[in-house]
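From the sequence below, what's the structure:
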Amino acid sequence: MSEEPASPVNAAQIEYWNAAAGETWAQYQEQLDRQIAPLGLEALRTLAPAKGETVIDIGCGCGQTTLDLASRVGDEGSAVGVDISAPMLDEYSKMPRRDH
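A predicted model of the protein is given here:
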């Protein structure tokens, strides 16, 4: 299966989030997670993920919300985070998580 090239708008966002913006966000990930935590908690409250569900977190950034989702769906469920920012995903890969 071949991949289509990104549209100019998407290409600009991919470049933006893989350069200084993504690197800066990753550098200040803990502080930024604390700042935006109320938004994530409200989204989780509204979504109300249940044990055993499968969820996808599109635009997961450094992954804190994905990890929160994973803890709510439990071992019976699945939570997957995706993002275009390699620097932010690198931070996600360093975050502590429980083994399944």
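
got a list of what the spatially most central residue of the chain touches?
Nearest to the mean C-alpha position of the chain, counting by Cα atoms, centre = their mean, stands Cys60 at 1.6 Å. Shown in contact with Cys60 (Cβ atoms under 8 Å, 6 or more residues apart in numbering): 66, 81-83, 92. (Glycine included, C-beta is placed from N, CA and C.)

three-state assignment of the closest residue to it other than its chain neighbours?
Distances taken as Cβ to Cβ, 6 or more residues apart in numbering place Gly81 nearest to Cys60, at 3.1 Å, with adjacent residues excluded. Put simply, Gly81 is strand when judged by DSSP: H, G, I helix; E, B strand; the rest coil.

Neighbours of Gly81, how many?
22 (other Cβ atoms under 10 Å).

Check Ile84 too.
17.

how near is it to Leu39?
From Ile84 across to Leu39, the span is 20 Å (Cβ to Cβ, to the nearest Å).

Great, nothing more from me.
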